[in-house]
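Undergrad: attaching a predicted model along with its sequence, questions to come.
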Amino acid sequence: MKPLLQVRDLCKHFPVLGKGLLRRQVGTVRAVDRVSFDLHRGRTLGLVGESGSGKTTCARTILRALEPTSGQALFHTADATVDLATIPESRVKPLRQSMQMIFQDPFASLNPRMTVDAIVGEPLVIHRLARGSELVDRVDEMLMKVGLQPEHRQRYPHAFSGGQRQRIGIARALIMRPSLVIADEAVSALDVSVQAQVINMLVDLQDEFNLTYIFVAHDLSVVRHICDRVAVMYAGRIVELADTDVLFNDPQHPYTRALLSAVPHLDPDVPIRFDAGGEVADPGNLPRGCSFHPRCPDCIDPCDAEVPDLLPLGNGERLAACHLHGQ
Ligand code: SF4
């Protein structure tokens with residue numbers, strides 16, 4: 001079966017302009033560089049990495065909230081395949097019904113002057129998909145799906161807790177019945193107990209509506225719970241891509257191992273530490289060769305000279321970009 005989304009060599013580069021009158025380009029920030037993956041309908045892909053790894057920029061470029069520099073993002077609908085990276089902006093707007101985003105900060109993403117019913121129903125109004133009593137019914141139904149009471153529809157966002165506000169944001173994203181939902185650090189601003197409730201709700205809604213998620217997160221324990229497959233990003237590139245259990249039980253890339261070493265352990269005697277010292281590579285001034293080599297404990301001969309490609313390991317279900325794997 002065809003994937004819902006096929007991303008191929010997607011790049012988002014930002015020019016660095018010099019000073020002076022002409023403001024010539026003096027460099028390039030490679031925020032997203034040659035990212036490729038497939039995502040099947042009803043599945044969840046985690047995009048993980050430290051702050052500055054390019055995961056959010058990658059997600060926003062796929063949705064065309066940022067203009068891609070090059071590459072493809074093939075989106076397969078029931079009737080057609082479109083390349084989100086290259087179609088004209090005028091053709092992106094109708095597709096927004098099928099692609100929605102859930103943001104990190106529920107308070108900042110909700111208009112404080114709009115009531116809950118206006119916030120949740122707004123996408124239906126903008127796309128002229130419902131009005132009158134049908135609009136009211138669909139908003140009420142969606143509010144109940146996310147665990148909110150329809151009688152709260154006339155309240156403003158400030159009257160709700162952080163978790164409830166995130167539920168409002170989720171209701172707004174899902175009322176259009178999208179196929180693809182990008183959740184950008186959707187639970188990181190919430191208390192741990194509320195995080196679990198919201199994640200369980202997202203899983204239930206995925207089953208009910210056959211949703212496909214890209215879950216952008218830095219919290220690997222959350223990713224482990226919700227994702228089928230995980231792409232680890234470093235300095236704008238995917239350095240390892242594998243099914244979640246495989247990646248967590250047997251990480252192959254030194255950066256993945258370093259990230260996993262920082263996940264809190266159930267055993268309180270096991271210290272939390274991030275094995276990779278040093279600073280995250282600057283995507284505007286990447287080191288030669290493997291971008292991770294100044295921090296890598298396993299650095300070998302070609303690492304500071306040759307950029308490793310993301311290549312299949314074993315049966316091809318997992319990929320890693322590392323010279324340790326015979327590149
Ligand atoms: Fe480390 Fe070399 Fe692998 Fe990069 S390619 S992660 S420097 S071993």
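TA: Everything's here; your move. The structure presented is a predicted model; accordingly, all values stated were derived computationally and were not measured.

Undergrad: only C-alpha atoms from now on, for both contacts and neighbour counts.
TA: Will do.

Undergrad: is it true that residue 100 touches residue 178?
TA: Yes - taking C-alpha atoms under 8 Å as the definition, residue 100 is a contact partner of residue 178 at 6.4 Å.

Undergrad: those two: which has the busier surroundings?
TA: residue 100 (23 against 19; other C-alpha atoms under 10 Å).

Undergrad: now the more buried one: how far from the ligand?
TA: Distance of residue 100 to the ligand, given as C-alpha to the nearest ligand atom, to the nearest Å: 34 Å.

Undergrad: surely that residue is in a strand?
TA: Yes - assigned with DSSP: H, G, I helix; E, B strand; the rest coil, residue 100 falls within a strand.

Undergrad: state the helix or strand in which the residue nearest the centre of the chain lies.
TA: With distances taken as C-alpha atoms, centre = their mean, the residue of the chain nearest its centroid is residue 216 (3.1 Å). Element membership for residue 216 (DSSP states H and E) is strand 212-217.

Undergrad: so what secondary structure elements neighbour the helix or strand that that strand is followed by?
TA: On the C-terminal side of strand 212-217, the nearest following helix or strand under DSSP H and E is helix 220-226. Here helix 220-226 touches strand 44-48, helix 244-249, going by 3 or more C-alpha pairs under 8 Å, 6 or more residues apart in numbering; DSSP states H and E.

Undergrad: what's the nearest residue to residue 60 if we skip its chain neighbours?
TA: residue 66 (5.8 Å; C-alpha to C-alpha, 6 or more residues apart in numbering).

Undergrad: also residue 236?
TA: residue 32 (4.1 Å).

Undergrad: I'd like the mean pLDDT over the strand or helix carrying that neighbour, please.
TA: Element membership for residue 32 (DSSP H and E) is strand 25-39. Throughout strand 25-39, pLDDT has a mean value of 94.

Undergrad: for that strand, the distance to its chain's centre please.
TA: Here strand 25-39 is found 15 Å from its chain centre; the criterion is C-alpha atoms, centre = their mean, to the nearest Å.
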